[in-house]
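> A predicted structure for the sequence below; I have some questions about it.
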Amino acid sequence: MKAWKFIGLRLITWALVIFIGVTFVFFIPRMFPSDPVENMISRMTALSGSMDAIQVEALRRQLRVQFGLEGTLWEQYTTYLREGLFGFNFGPSLMNYPTPVGEIIARYLPYTLFLSVTAVIIAWTLGNLIGLLAGFRKDKRLSKILEGIAITIYPVPYFIVALVLQIVFGFLLGWFPMTANIMTTADTGVFIASLLRNSLLPAISLLLVGTGWWIISMKSLSASVSEEDYVQYARYRGLSERRIGASYVLRNSILSQVTALALSLGGVFNGSLITEIIFNYPGVGKLIQQAILSSDYNMILGTITISIIAIATATLIADLIYPFIDPRIRYS
Amino acid sequence: MRKLLSLLLALVMALSLASALAESTVVGTPRNETLIVEMQTPTQTAGQFNPMMQGTNMGTGIQQLLWGNLFEIDTVKGEQFPSLAASFPVSNEDFTEHTIAIRQGIKWSDGVDFTAKDVHYTMNLMLTNPEAPSNGYYQQIFESIELVDDYTIKIVTKNSFPLLAESIGVLIWGNDLRVVPEHIYAQQENPLIFKDSNPVVTGPYTVKQYDELGNWILYELREDAQFSDVGVVTGMVPQAKYVLFQTFGDDATRTMTMLSNLVDIMVEVSPENWEVMQGNPNAAMWYPDYPYALFDDPCSKGISMNCSKAPFNDKNFRWGLALAMDFKEVSMNIFNGAGRASVLQIPATASMQELYYKPMEEWLENFELEDGYKPFNTNYAREMAEILGAQGIAMPDDDALLDDMFGIGCWKYDPEQATKLFIMAGLELKDGKWYFEGQPFQFTCNILADTEAQAGRGGQAAVDQWIKFGLDVTPVRMTNTQFSNANSLGEFDVGAYWPSCAIIRNLYRQINGWDGDLIKPIGERSSGGNGERLNSPALTAKIHELAGYSSQDERSYQTSTEILKIFVEEMPFIGFHSGTKFVPTNNTYWTNYPSSENPYNGPWWWWSAFKYIVPHITPVN
């Protein structure tokens, strides 16, 4: 019974977080001092020098109707809740009318997930292992070297790492492409080869900095746990250092890292904007950026709603699996 | 350890070999057969080539290589020419019925003849479908579009409409009327949401392959390119088997791309980036030496003033702002002096310089403000030559060449006269500070934050000059949408806008928005062109008069000239330079791009006219 209450409460929290989040996302862009119709007109006017006055008026009327901006704010909001939140139909992208937002997101999201999820998971695994070593066996020379590397890399902004990688391996050595051009329509083999080749530098830039952070946080956690009485007790009992590290220190240190991993995984739906810009890598980050700059309300709603749901769901999953990792939560 | 080292060495060698063998493009085509053109932005509608479907990103090579227009623009002469049409429209006396002959001999890329049926079908698609591009406009203008025979259409307009070719043909960049094949589109359930991923076209290229993520599109030359619109009109066929439109990311990457010969044609770079790109000896610009840039982009940049707000509604004040600026310093701050001064409401492009600026030079010299002051400085070009010469930049001695380089003149820098004009406009100067209606006078200048470097730098330079003069002005940097909204709603004081475009002799299409009858109150959106809300009855009357003349009618030129004089008197916009563009090319694999030494066209790779440039570009070996 307690378990059901635990799950129920978390599900209610999850739903509330999503509802409040998407409500904000609906109203905030509409408070911007901008308008998608005017943005479209200014884009077209900028391209064609200037447009006939009659043409501008006609276009303005035509676009307002097509973009569905004619109803009241409340009508638009209820439509969004019904269609967008519950039906995952965010309507057409206003800047790419009439292509549906869902179609565009579906095209870019896999690349964001591939790049970011891979980088986050590898960074998390490597970082925690090294961090554990650095914290638990802090007197070892290797631990000190690895910790030194982490402390050196971590403060460097990841876009600086990205730029250095691009200049050295893309421009000077020419080993990897400076910008991503993935052969999306080629045969599977060619596609995979081009995906790997084009993703390597962006992934390394994310990985290096991400790993640094996980090392530092895990080192601090495991160093603290290593001083606990139960770890000393385990030593007195004569358990091997490997077993103490794995069963006592790691298991007790990893809890907050799991939460942080869940949040990081949820956050990958936002993309990695700067990496995407530097390497011209296709991803959701640039979609969000362009949508905000062009007041593409539907695209903003689509991308951010997915992100809110992803982060809320990741947190929910972390909450739900906690009891399996930490028996203390299960018993309480 | 040794094994690991050997493995690493092998990997390094393999990678080096791979890059050495990179005489192919990123999409695998031979580099020497592929012209690589920078795409301005990635497209989010990859695989969508239908020009009738909204959201199709036309500037990604689609309008440049695939689709044809009835009338195209010769950017050097500033004249339209018939492309898919065989000749200009023949109209009845009151310009309500227009007959257009369609060019014979053109074939669609699937071998079917291009005929008037295609034009008739496309125009009716636009006229009758609310979702089609320009539908609202077509509804207001056209009564009917009729098919006369296989190579003739007749257009009936609701009212007298002398500017048909200008409205349905290309002037600047492109035009919505891109003719689609009836035999393909009529088969579609809804041709307006048919993506057309494998388009059948009249242009010289077809789509070979594209990136679903929108970073590149590969075009392949039609085997029967002699029957394309370009082939039939010019008798020439492009030599590049492939044209790859590709995006390159941020400015630093674009520069490295040019240095690495991974691109042949770029859209626009800053002078600072160009300085670095010159590390590639094959990189070129319009001029081989200073000023490098081309001055013929058909929109001049400068400062717009909101003529519906006091004291900006007083032309004495507007003139005061113009004379409070040292334009030579402004010019140096924008692109180190590069740029042709554009004092008229139109840009001083090469063609406009000959058509309007030089013929109006004497009038400008003699032009007087209300108090008899003559504001025009005819010596500007020589003064600029002196400043730049002192920097060690070689300058021509010939006055005519200097006029072509810097323009025939600009407004004087005269703080004393500016002070006088401000006082005439009701401002007061107390203890070195300006007051208006008893309050300290402050105003803002809107500047576009990220794009359009020329306009942005110009805005900042103007602010610096006014502050130096003693005015309290604040620059406000905005996103594109905020910037255009402020102008449209009239919620600004001054701003670095550019309501100042022109490419052909008849100025009606570009200046009709200044019609005083269309002015909206502050807070309501303007109808294009007159965000400045200048209400001049004389100007409105002339615009109405111009609406009745065709471009071939000599009276259209005379009236256009008179309109430009009214603009000078009213001064709603202080023109700085004509559009100055640094558009680099790379002569490593391809050559014979248009340049100052071979100006067969302007370097407008992003315009529809690019299809008429490609046949001239030749391989280096």
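Arrived safely, thanks for sending. Numbers count the residues shown, from 1 in each chain, chains lettered A, B, ... in the order given.
> which helices and strands does the lengthiest helix in chain A pack with?
Longest helix in chain A by number of residues, with DSSP state H as the criterion: helix A:188-226. Packing partners of helix A:188-226 (3 or more Cβ pairs under 8 Å, 6 or more residues apart in numbering or on different chains; DSSP states H and E): helix A:101-136, helix A:141-153, helix A:158-165, helix A:251-267, helix A:273-278. C-beta here means a position set from N, CA and C on the backbone, and glycine is covered the same way.
> that one versus helix A:158-165: what angle between them?
Comparing the axes of helix A:188-226 and helix A:158-165 via axes from the mean of the first three to the mean of the last three Cα atoms, to 10 degrees yields an angle of 130 degrees.
> what's the mean pLDDT across helix A:188-226?
Averaging pLDDT along helix A:188-226 yields 88.
> same check on stretch B:583-602?
95.
> for the longest helix of chain A, buried residues please.
Residues of helix A:188-226 classed as buried: A:194-195, A:197-219, A:221-223, A:225-226 (neighbour count, 16 or more other Cβ atoms under 10 Å in any protein chain shown).
> poorly predicted segments of chain A, please.
A:1, A:33-34, A:43-53, A:66, A:68-70, A:270-271, A:327-332 (pLDDT under 70).
> how many neighbours does residue 95 have?
I'll assume chain A. 25 (other Cβ atoms under 10 Å in any protein chain shown).
> my bad, chain B
B:Phe95 has 18 neighbouring residues, counting by other Cβ under 10 Å.
> isn't there a strand covering it?
No - read with DSSP: H, G, I helix; E, B strand; the rest coil, B:Phe95 is coil and lies in no strand.
> need the contact list for it.
B:Thr157, B:Ser160, B:Phe161, B:Pro162, B:Leu164, B:Ser550 (Cβ atoms under 8 Å, 6 or more residues apart in numbering or on different chains).
> got the buried residues for stretch A:106-121?
Neighbour-count burial for stretch A:106-121, with 16+ other Cβ under 10 Å as criterion, is recorded at A:Arg107, A:Tyr108, A:Leu109, A:Tyr111, A:Thr112, A:Leu113, A:Phe114, A:Leu115, A:Ser116, A:Ala119, A:Val120.
> and what of stretch B:237-256?
Buried-residue list, stretch B:237-256, by 16+ other Cβ under 10 Å: B:237-249, B:252-256.
> so of those, which ones are in strands?
B:Tyr242, B:Val243, B:Leu244, B:Phe245, B:Gln246 (DSSP state E).
> distance check, the last one against chain A.
B:Gln246 is 7 Å from chain A, where distance means Cβ to the nearest Cβ, to the nearest Å.
> contacts only, for the closest residue to that residue other than its chain neighbours.
Leaving aside its chain neighbours, B:Gln246 sits nearest to B:Trp216 (4.2 Å; criterion: Cβ to Cβ, 6 or more residues apart in numbering or on different chains). Counting by Cβ under 8 Å, 6+ apart, B:Trp216 makes contact with A:Asn181, B:Val26, B:Val27, B:Met39, B:Tyr210, B:Leu244, B:Phe245, B:Gln246, B:Thr247.
> so which of those residues comes closest to A:Gly102?
A:Gly102 has its nearest neighbour among the contacts of B:Trp216 in B:Tyr210, at 20.7 Å by Cβ to Cβ.
> is the closest one bridged to anything, and to what?
As for beta bridges, B:Tyr210 partners with B:Ile217 under DSSP bridges.
> next, count neighbours for it.
Residues lying near B:Tyr210 (other Cβ under 10 Å) number 24.
> just checking, it touches A:Ala186?
No - B:Tyr210 is beyond contact range of A:Ala186, at 11.3 Å (criterion: Cβ atoms under 8 Å).
> right, and B:Leu294 touches B:Thr580 too?
Yes - with contact defined as Cβ under 8 Å, B:Leu294 reaches B:Thr580; the gap is 7.4 Å.
> more neighbours, these two?
B:Thr580 (29 against 26).
> quick one, what contacts B:Ser260?
A:Phe171, A:Gly174, A:Met178.
> same thing but 10 Å
A:Gly170, A:Phe171, A:Leu172, A:Gly174, A:Met178, B:Ala22, B:Asn280, B:Asn586 (Cβ atoms under 10 Å, 6 or more residues apart in numbering or on different chains).
> and for B:Phe567?
Per Cβ under 10 Å, 6+ apart, neighbours of B:Phe567: B:Val343, B:Leu344, B:Gln345, B:Ile346, B:Ser500, B:Ile511, B:Trp514, B:Leu534, B:Ser536, B:Leu539, B:Phe573, B:Gly575.
> restricting to these, which residues neighbour chain A?
B:Ser500, B:Ile511, B:Trp514 (Cβ under 10 Å from any Cβ of the partner chain).
> burial count for the closest residue to B:Lys241 other than its chain neighbours?
Nearest residue to B:Lys241, sequence neighbours excluded (Cβ to Cβ, 6+ apart): B:Glu33, at 4.3 Å. Residues within reach of B:Glu33, counting by other Cβ under 10 Å, total 16.
> fine by me, thanks again.
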